[in-house]
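A.B. asks: sequence and predicted structure, then a few things I'm wondering about:
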Amino acid sequence: MMTTLNNRVSALFADPLQAVFREAGLAPLNVHSLSTFAPVCIWEDADTIYVEMDLPGVLIDDMNVDIEKGLLSIKACRKAPAQGAHYDERRFGDFERRIRLDDCVTSENVDAHVENGVLQIRLMKNVSAKKQSIPIKQAAPNGKRLESESK
């Protein structure tokens, strides 16, 4: 009976948007309960994809950012304090978040830095992934095709 109750409670706190993000190709692949420890924010403009992750209390030497074949991998370790606590709701230990970005970015144009406990990653888009405007030409009168301008 406890397992059933546990499953029901877990279902109450499931992320309803995870399927939506997965369809968009931006879904974290392994969220687990550590997602509350390191929430992530992803957005983009015409040239760049931005990823921010809250990593309070994580030293820069305990963070690792990799990108390979359109998969951004962020690993970190938050170490527990030396002194014990009577009550502590904070999470400690190793974790990894992986975010699929397809092939719209490469590892050549990636910038990552930490500011006030927030890991900020900028990924420049490939030229082929950027929005391109396609010129529209006027058709000839009477439905005839226009001749090539090179003739």
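C.D. replies: Perfect, I can see it now. Residues are numbered from 1 along each chain as shown.
A.B. asks: report pLDDT for residue 41.
C.D. replies: Note for residue 41: predicted pLDDT of 92.
A.B. asks: partner strands of the top strand by length along the chain, with direction?
C.D. replies: Assignment by DSSP state E gives strand 105-115 as the longest strand of the chain. Next to strand 105-115 in the sheet, as set by DSSP bridges, lie strand 118-125 (antiparallel).
A.B. asks: what's the partner strand in contact with?
C.D. replies: 44, 46-55, 63, 65, 67, 72, 74, 76, 101, 104-105, 109-114 (CB atoms under 8 Å, 6 or more residues apart in numbering). For glycine as for every other residue, the C-beta is placed from the backbone atoms N, C-alpha and C.
A.B. asks: and that strand, C-alpha only, in PDB?
C.D. replies: Extracted C-alpha coordinates of strand 118-125, given in PDB (Å, rounded to 0.1, in the frame of the first residue of the first chain):
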ATOM      1  CA  VAL A 118      24.400  30.800 -11.800                       C
ATOM      2  CA  LEU A 119      26.100  28.900 -14.600                       C
ATOM      3  CA  GLN A 120      25.500  30.800 -17.900                       C
ATOM      4  CA  ILE A 121      26.200  29.100 -21.200                       C
ATOM      5  CA  ARG A 122      26.000  30.800 -24.600                       C
ATOM      6  CA  LEU A 123      25.900  28.500 -27.700                       C
ATOM      7  CA  MET A 124      26.200  30.200 -31.100                       C
ATOM      8  CA  LYS A 125      23.900  28.600 -33.800                       C
END
